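Predicted model follows, preceded by the sequence.
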Amino acid sequence: MTRMVKCVKLGIEAEGLEQPPFPGPKGQYIYEHVSKQAWQEWLNMQTMIINEQRLASFDPRSKKILEEEREKFLFSGGFEMPEGYVPQKD
């Protein structure tokens with residue numbers, strides 16, 4: 001049976017993640033309050049942020065930036081596209 005959550009990002013009842021995305025209280029909170037769809041949207045956005053800002057996954061500063069952007073994207077609002085981002089033209 002599919003686990004459903006009231007997604008804080010999408011504002012709807014939607015399919016939840018199968019497990020917390022990472023260990024600890026924040027991973028558990030995401031598991032309980034973020035849908036699979038919203039998490040996938042975040043992963044896509046995270047990839048764009050890493051590429052646009054040329055972040056290194058092993059750099060503590062980069063990890064902090066991604067954590068802050070994830071918080072804005074999923075929970076608090078105020079998320080903005082990365083500086084210099086130009087949408088692809090169809």
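That came through, no problem. Residues are numbered from 1 along each chain as shown.

What segments of the chain are helices?
With DSSP state H as the criterion, the chain has helices at 25-33, 36-53, 60-71.

Pipe these into CSV and attach mean pLDDT, mean neighbour count and distance to Lys6 per row.
Every C-beta, even on glycine, is put in place using the N, C-alpha and C of the backbone. Shown next, in CSV, are these (pLDDT from 0 to 100; neighbours: other Cβ atoms under 10 Å; distance: least, Cβ to Cβ, whole Å):
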stretch, mean pLDDT, mean neighbour count, distance to Lys6
helix 25-33, 96, 15, 7
helix 36-53, 93, 15, 11
helix 60-71, 94, 14, 19
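
Could you dump the ones you listed into TSV with distance to Lys89 added?
Output for the helices of the chain, formatted as TSV (distance: least, Cβ to Cβ, whole Å):
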stretch	distance to Lys89
helix 25-33	34
helix 36-53	16
helix 60-71	25
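
Ok, which of the ones you listed comes nearest Glu83?
Smallest distance to Glu83 across the helices of the chain (Cβ to Cβ): 7.4 Å, for helix 36-53.

quick one: contacts for the spatially closest residue to Ser62 that is not a sequence neighbour?
The spatially closest residue to Ser62, leaving aside those adjacent along the chain, is Leu55, at 3.8 Å (Cβ to Cβ, 6 or more residues apart in numbering). Taking Cβ atoms under 8 Å, 6 or more residues apart in numbering, we find Leu55 in contact with Ile49, Ser62, Ile65, Leu66.
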